[in-house]
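Colleague: here you go, sequence then predicted model.
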Amino acid sequence: MVLSSPKLATLASDNQFLPVGTDCGNGNLKLIVDHAEIRTPSYFLPIHGEPYDIPAPIDGGFVQYLEGTRSDLVNQTWITGKPAYTQDPLACLRIVDDERGKIRYGLQMLLGGIATLSHRPLWRLLVVASIQDAKVFGSELKLAIAGTHTVKFNGKHHTTVEIQVASVMEEGSGAILSNRAQIDADGQNILIDFGSGTTILSLFGAKGKLIDRRVYPAGVERLIDAIATNQETRKRLAQEGDRAVIRTGIENSTFSYGRIDWNFRDIYNQELKPWVQSVLAPALKIASPWVPTASTKLAIGGGSQLPGIAQLLARQEFVVVPDGAWSNARGLARIAQLQRVNP
C-alpha cells in the first residue's frame, strides 16, 4: 500500500501566527492553514483504551489531548475524518447528526485536520471560522476552539497548538470574498449554500454587507438518506445502505457502492426529483423576493456540485461556482491573512 506524505504548511517562525480559515461543515471539514488545504469527512470517533494500530493520517488524524485550555478534553483520545469511519463505521459520530456538533466537536475536528500536516512542535494559528447563525453561536464556537492545546498527533509527536480566533462569521461570508470577481461590489448578491444538513440563503449588499439570511433545514443528507432507505437499495443489500459509502459514490460521480459490484445511479436519478421538490424548490422560493433586485446569484456548497443540479440551477440563472465546496473556506483564509497584516 502506498501512503501519501503529509501536506506541508508554509514554514514560519515560532512567533508568527499562520492565517487559518476553517469551515467545519456537516459533511466535510474544509481547513486552510496558510496555503495548505485539508478536507476531511466530518466524522468523529472517541477512543477508549489502546487501538491495535494508529491509523495513517490520511483524510483525518489521531489526536491525544494532553493538557491545555480545554480541561474537559485532558486525557481524551479521538480519531477524525475517514480513519474514524474506517476504524468503526457503526460507532463513529457524524457532525450532521448533532445539532450542536459544530461547536461540540469543533476543536477536535480542527486538531484532527492539523494532524494530517507535517509535524511542527509549535503551531500558532490565527483562525477565522464560520458557523450557521454566528450571531447566536459565534461566541460559543470561539470559546470552544481558542486557547493553548498540547496534544500528541498520530501516536508520535507532542505538539502545542496556540489558537487565536480573529472572528467567527456567518457561513457563506467567505464565499463572497473568494468570488468577488463574479459579484457586483456595489449591488445586491444572492448566495445559496447547499450543505449536508441545511441550505442557507444569504442576501449581501454593497461591499459584501449581509442584509438577510434564511436557513432551510434540509440539505444533501436528505437525498443520501432517501437512497439509503430506497426499496431497491434494501433489496440489493438486505439492509439500509451505508450513507458514507453512498456519499463517496455521489461525490466521485461513479455511483459505485464501495468495491462491490453494484451501481446505484438509477436509484440516485429516481430520488433526485423528490429531493428537488422537497429541498431545492423550497429554497429557491425563499430567495424569490430577492431576485428582482439581485445583480448576481451564486450557488456554492457540496449540493451545488451534485450531478444534474448545476443544470437546474443554471435554468434559474444561478452561477454554480466551480469547486464551490471550498469557496467559503478559501474566503475565510483570505480574511485571516488580511487580519494578520492589519489586526
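Modeller: Good, I have the coordinates. Because the structure is a prediction, the values reported are computed rather than measured. Numbering: from 1, shown residues only.
Colleague: okay, CA-based contacts and neighbour counts for the rest of this
Modeller: Fine.
Colleague: for Gln337, which non-adjacent residue is closest in space?
Modeller: Among residues not flanking Gln337 along the chain, Pro19 sits closest, at 5.2 Å (CA to CA, 6 or more residues apart in numbering).
Colleague: show residues contacting the helix or strand harbouring that neighbour.
Modeller: Using DSSP states H and E, Pro19 maps to strand 18-24. Residues from elsewhere that reach strand 18-24, judged by CA atoms under 8 Å, 6 or more residues apart in numbering: 12, 29-34, 42, 102, 106, 109-110, 123-131, 171, 328-337, 340.
Colleague: if we go by neighbour counts, what in the longest helix seen in the chain is buried?
Modeller: Scanning the chain for the longest helix, with DSSP state H as the assignment, gives helix 327-341. Neighbour-count burial for helix 327-341, with 16 or more other CA atoms under 10 Å as criterion, is recorded at 327-337, 339-340.
Colleague: now the two most distant members of those.
Modeller: The distance between the two most remote of those (CA to CA) is 20.2 Å, for Ser327 and Arg340.
Colleague: enumerate the beta-bridge partners assigned to Val127.
Modeller: Counting by DSSP bridges, Val127 is bridged to Val20, Val165.
Colleague: number of residues surrounding it?
Modeller: For Val127, the neighbour count with other CA atoms under 10 Å is 30.
Colleague: quick one: it from Leu338, how far?
Modeller: As judged by CA to CA, to the nearest Å, Val127 and Leu338 stand 12 Å apart.
Colleague: any idea how far the strand holding Pro19 is from the chain center?
Modeller: 11 Å (CA atoms, centre = their mean, to the nearest Å).
Colleague: neighbouring contacts of the helix or strand following that strand?
Modeller: As assigned by DSSP H and E, the chain's next helix or strand after strand 18-24 is strand 28-33. Strand 28-33 is contacted from outside by 9, 18-24, 37-42, 109-110, 113, 326, 329-330, 333, using CA under 8 Å, 6+ apart.
Colleague: what pairs with strand 28-33, parallel or antiparallel?
Modeller: strand 18-24 (antiparallel), strand 36-41 (antiparallel).
Colleague: may I see these organised as TSV, with mean neighbour count and mean pLDDT added?
Modeller: Converted to TSV, these look like this (neighbours: other CA atoms under 10 Å; pLDDT from 0 to 100):
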stretch	mean neighbour count	mean pLDDT
strand 18-24	28	97
strand 36-41	20	96
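Colleague: rebuild the ones you listed as TSV, extending it with distance to Gly302.
Modeller: As requested, these are exported to TSV (distance: least, CA to CA, whole Å):
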stretch	distance to Gly302
strand 18-24	13
strand 36-41	12
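Colleague: all strands of the stretch 151-300 of the chain, in order?
Modeller: Listed in chain order, the strands of the stretch 151-300 of the chain (DSSP state E, counting those that start in this stretch) span 157-170, 188-194, 199-204, 210-216, 294-300.
Colleague: got those strands as JSON lines, with distance to Ile79 and mean pLDDT columns?
Modeller: As requested, the strands of the stretch 151-300 of the chain are exported to JSON lines (distance: least, CA to CA, whole Å; pLDDT from 0 to 100):
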{"stretch": "strand 157-170", "distance to Ile79": "15", "mean pLDDT": "96"}
{"stretch": "strand 188-194", "distance to Ile79": "27", "mean pLDDT": "94"}
{"stretch": "strand 199-204", "distance to Ile79": "28", "mean pLDDT": "94"}
{"stretch": "strand 210-216", "distance to Ile79": "30", "mean pLDDT": "92"}
{"stretch": "strand 294-300", "distance to Ile79": "28", "mean pLDDT": "93"}
